[in-house]
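In: coords below, sequence missing:
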């Protein structure tokens with residue numbers, strides 16, 4: 001990343017704040033920061049080589065060829081619906097029916113694959129994706145890189161507000177625009193934005209609260225990079241931490257994560273399980289208790305199973321891959337032990 005490029009260092013040259021807010025001050029302690037993950041990706045296949053190779057490929061096969069998703073994601077039929085200036089488009093869904101993004105096909109044969117965070121969970125190797133894009137002379141137009149503090153021990157929204165107020169985001173002599181969106185005490189989660197959408201934007205938000213747990217300290221720092229105004233090399237997929245840390249100087253302090261996506265998934269289920277228990281207690285607890293009192297525990301539970309319970313997956317967990325029952329069981333057992 002050469003000086004003067006999109007990831008060059010700040011002209012302020014300040015490095016002291018990095019030690020103050022980063023996990024370096026927690027020497028000897030296990031970090032609650034996750035490793036950087038790709039949470040959104042848009043790939044454009046518009047080279048002559050890419051067009052020639054994919055000309056007769058079904059869209060599902062194109063997706064699998066580039067992203068290596070195998071049978072975990074399927075692409076629906078192409079429709080005459082414009083998507084990002086591509087004349088035809090199709091929706092991608094995983095085996096649970098969750099939308100994973102869209103594919104656009106242009107009349108000249110160019111293809112755009114827009115992979116959401118849900119779809120990114122199914123990509124086995126981002127390094128291999130980068131290699132495939134290089135081979136096809138394809139390019140990235142948008143990538144989101146995320147780091148989570150699962151316990152809010154290293155950073156929260158106020159951390160970045162303080163950094164902004166101290167001028168740590170100033171680059172090329174001027175600060176980027178910023179916006180603080182408050183939840184006004186509702187417990188649904190606040191957000192803080194630095195930079196402009198479509199260029200380079202940092203979004204810090206209270207992920208745990210967004211998932212339904214108002215007591216959660218889980219905070220996400222998400223860097224959104226766009227190729228419209230900056231150089232966005234395919235190498236971002238190989239080493240997201242390097243590009244995350246170079247976008248703004250102080251971000252380098254947070255690229256020390258130990259928790260991979262599996263641990264992040266457990267944290268998300270934990271927060272939403274806590275929220276689900278709270279919802280059931282508040283919305284249905286007294287009613288279910290009345291049923292049990294009226295029918296007795298054995299007959300009451302039989303009635304609840306037959307007449308109330310449903311077998312499909314709740315919306316809050318439709319995006320979770322892997323053994324959902326095991327993840328929920330672990331969280332519920334922790335709650336039982338804590339009471």
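Out: Looks like it arrived, so ask away. These numbers come from a predicted model, not from an experiment. Numbering: from 1, shown residues only.
In: Residue 51 in helix, strand or coil?
Out: helix (DSSP: H, G, I helix; E, B strand; the rest coil).
In: give me every residue that touches residue 143.
Out: 38, 40-42, 224-225, 232, 236-237, 240 (C-beta atoms under 8 Å, 6 or more residues apart in numbering). C-beta coordinates here come from the backbone N, C-alpha and C atoms, glycine included.
In: okay if I get these as JSON lines plus neighbour count?
Out: Formatted as JSON lines, those follow (neighbours: other C-beta atoms under 10 Å):
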{"residue": "38", "neighbour count": "19"}
{"residue": "40", "neighbour count": "20"}
{"residue": "41", "neighbour count": "25"}
{"residue": "42", "neighbour count": "22"}
{"residue": "224", "neighbour count": "22"}
{"residue": "225", "neighbour count": "25"}
{"residue": "232", "neighbour count": "21"}
{"residue": "236", "neighbour count": "20"}
{"residue": "237", "neighbour count": "24"}
{"residue": "240", "neighbour count": "24"}
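In: which one among those gets closest to residue 121?
Out: The closest of the contacts of residue 143 to residue 121 turns out to be residue 38 (C-beta to C-beta; 10.1 Å).
In: Which other helices and strands does the host helix or strand of that closest one contact?
Out: According to DSSP states H and E, residue 38 maps onto strand 37-45. The helices and strands touching strand 37-45, judged by 3 or more C-beta pairs under 8 Å, 6 or more residues apart in numbering; DSSP states H and E, are helix 59-67, strand 111-115, helix 117-120, helix 126-135, strand 139-149.
In: Roughly how far does residue 84 sit from residue 44?
Out: In this view, residue 84 and residue 44 are 10 Å apart by C-beta to C-beta, to the nearest Å.
In: ok, the two, which is more surrounded?
Out: residue 44 (22 against 14; other C-beta atoms under 10 Å).
In: Correct me if wrong: the more buried one contacts residue 136.
Out: No - using C-beta atoms under 8 Å as the test, residue 44 is too far from residue 136 to be in contact (10.1 Å).
In: could the contacts of residue 143 be laid out in a markdown table, adding pLDDT and distance to residue 121?
Out: What follows is the contacts of residue 143, written out as a markdown table (pLDDT from 0 to 100; distance: C-beta to C-beta, whole Å):
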| residue | pLDDT | distance to residue 121 |
| --- | --- | --- |
| 38 | 96 | 10 |
| 40 | 97 | 12 |
| 41 | 98 | 12 |
| 42 | 98 | 16 |
| 224 | 96 | 18 |
| 225 | 95 | 20 |
| 232 | 93 | 22 |
| 236 | 96 | 18 |
| 237 | 97 | 15 |
| 240 | 94 | 15 |
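In: Can you tell me which of the residues you listed lies closest to residue 149?
Out: Nearest to residue 149 among those is residue 240, at 16.6 Å by C-beta to C-beta.
In: Tabulate the helices and strands packed on strand 37-45 (CSV), appending distance to residue 104 and mean pLDDT.
Out: Listed next are the helices and strands packed on strand 37-45 as CSV, based on distance: least, C-beta to C-beta, whole Å; pLDDT from 0 to 100:
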stretch, distance to residue 104, mean pLDDT
helix 59-67, 10, 97
strand 111-115, 4, 98
helix 117-120, 15, 94
helix 126-135, 16, 98
strand 139-149, 11, 95
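In: quick one, which of these is nearest to residue 77?
Out: Of the helices and strands packed on strand 37-45, nearest to residue 77 by C-beta to C-beta is helix 59-67, at 8.6 Å.
In: buried ones in the next helix or strand along the chain from that closest one?
Out: Per DSSP H and E, the first helix or strand lying C-terminal to helix 59-67 is strand 73-75. Neighbour-count burial for strand 73-75 flags 73-75 (criterion: 16 or more other C-beta atoms under 10 Å).
In: Tell me where the protein has strands.
Out: With DSSP state E, the ranges of strands along the chain come out as 37-45, 73-75, 88-94, 99-105, 111-115, 139-149, 178-181, 191-196, 200-205, 219-226.
In: TSV for these, including distance to residue 129?
Out: Shown next, in TSV, are those (distance: least, C-beta to C-beta, whole Å):
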stretch	distance to residue 129
strand 37-45	8
strand 73-75	13
strand 88-94	15
strand 99-105	14
strand 111-115	9
strand 139-149	10
strand 178-181	32
strand 191-196	25
strand 200-205	22
strand 219-226	16
